[in-house]
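[1] When you get a sec, could you give me coordinates for this:
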Amino acid sequence: MKKIFLFLSLVLWLSAGTVFAADDEFVFEEDPFAEAEPASIADPLEPVNRGFFWFNDKLYVYLLKPVARGLRVIPEPARVSVSNFFSNLGTPVRVANNLFQLKIANTGSELARLLLNSTFGLAGLFDPASSWGLEKKEEDLGQTFGHYGAGTGFYLVLPVFGPSSLRDGIGRIGDYFIDPLPHALKQEELIGLSALDQENALSLDKDTYEGIRKHEIDPYLFVRDAYAQHREAKVKE
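    The predicted structure is shown next:
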């Protein structure tokens, strides 16, 4: 049973990339007579990527989302507090990447957020820093590479992880080593916490991916282009 639990926890832990954040907005408009636009990111591995996209889709529909819907019996404010807690734990990665990009003001803002939310916010369960004008400054190593001119590289759909790119995939690995949490916890503890984080995030999502599956003729192309455009915008911030 322990091995089965760890396997399912690992699946959930790796599921972060399979859906978009709940506050991302998409417009579902299709013109059947419009000419196809060129891909916003190179996709030489499209047949393989589509296979992994199919796998991730089934994993989401039959495992990840049903579990997340079960969590909705918990009042939303409590789930928001859990989200705040995990966001607070992610501060070191944001601090490091803001510093790498020489965004000194943002680095200071993130450090101040960590101090305020860890104390007045009761270990990060609440986010008083945002109400005091200190908004979260999202940065990761993929964005840092892009900041210094590294190209996106080709598109990748990773099993369980979801949409990525060569640059962002390498960045994800680097962020793992930057984050002190994996070095402070046992592997099974880290997997369990990460699984809770991702399922809680899915429980707060307003079924964004379901809308994509329902309205888009080819959800794979929509997700690919939306991901590429979203990451390009994040690098330019």
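
[2] Assign Y209 to helix, strand or coil.
    Put simply, Y209 is helix when judged by DSSP: H, G, I helix; E, B strand; the rest coil.

[3] Quick check: P163 is in a strand.
    Yes - per three-state DSSP, P163 lies within a strand segment.

[4] Which residue, other than its chain neighbours, is closest to it?
    Distances taken as CB to CB, 6 or more residues apart in numbering place Y227 nearest to P163, at 4.1 Å, with adjacent residues excluded. Where you see a C-beta, it was placed from the backbone N, CA and C, and this is true even at glycine.

[5] Same check on F86?
    Distances taken as CB to CB, 6+ apart put D197 closest to F86, at 4.3 Å, once the chain neighbours are dropped.

[6] tell me the pLDDT at that neighbour?
    D197 carries a pLDDT score of 95 in this model.

[7] what's the helix or strand for it?
    Following DSSP states H and E, one finds D197 within helix 187-204.

[8] Could you pull up the residues touching L114?
    N88, T91, V95 (CB atoms under 8 Å, 6 or more residues apart in numbering).

[9] which residues of this protein fall in strands?
    155-158, 162-165 (DSSP state E).

[10] Select, out of the ones you listed, the one closest to I74.
    strand 162-165 (24.7 Å; CB to CB).

[11] Could you pull up the mean pLDDT of the closest one?
    For strand 162-165, the mean confidence score works out to 96.

[12] Kindly report the same for stretch 44-59.
    97.

[13] who touches that stretch?
    Identification of contacts with stretch 44-59 by CB under 8 Å, 6+ apart yields 11, 15, 18, 43, 154-160, 162, 213, 219-220, 223-224.

[14] Can I get the strands of the chain in JSON lines including mean neighbour count and distance to L59?
    Supplementary listing: these in JSON lines, determined by neighbours: other CB atoms under 10 Å; distance: least, CB to CB, whole Å:
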{"stretch": "strand 155-158", "mean neighbour count": "22", "distance to L59": "12"}
{"stretch": "strand 162-165", "mean neighbour count": "23", "distance to L59": "10"}
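
[15] Need these in TSV (columns: distance to L181).
    Output for the strands of the chain, formatted as TSV (distance: least, CB to CB, whole Å):
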stretch	distance to L181
strand 155-158	21
strand 162-165	21
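
[16] V61: which of those is closest?
    Between V61 and the strands of the chain, the tightest spacing by CB to CB is seen for strand 162-165, at 13.6 Å.

[17] now for the closest one, which elements pack on it?
    Helices and strands touching strand 162-165, by 3 or more CB pairs under 8 Å, 6 or more residues apart in numbering; DSSP states H and E, are strand 155-158, helix 219-236.

[18] out of those, deepest packed?
    Highest mean neighbour count among the helices and strands packed on strand 162-165 (mean count of other CB atoms under 10 Å): strand 155-158, with a mean of 22.

[19] Provide the strand pairings for it, with the direction of each partner.
    Within its sheet, strand 155-158 is paired with strand 162-165 (antiparallel), according to DSSP bridges.

[20] okay, and for this protein, where does confidence drop off?
    Where the chain drops to pLDDT under 70, the residues are 1-39.

[21] what about 90?
    Within the chain, the stretches with pLDDT under 90 are 1-40, 160-161, 187, 191, 194-195, 206, 237.

[22] Could you export the contacts of L114 to TSV, including columns for distance to T208 and neighbour count?
    Compiled in TSV, the contacts of L114 are given as follows (distance: CB to CB, whole Å; neighbours: other CB atoms under 10 Å):
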residue	distance to T208	neighbour count
N88	24	21
T91	25	20
V95	29	21
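
[23] contacting residues around the residue nearest to P163?
    Neighbour list for Y227: I41, Y155, P163, S164, S165 [criterion: CB under 8 Å, 6+ apart].
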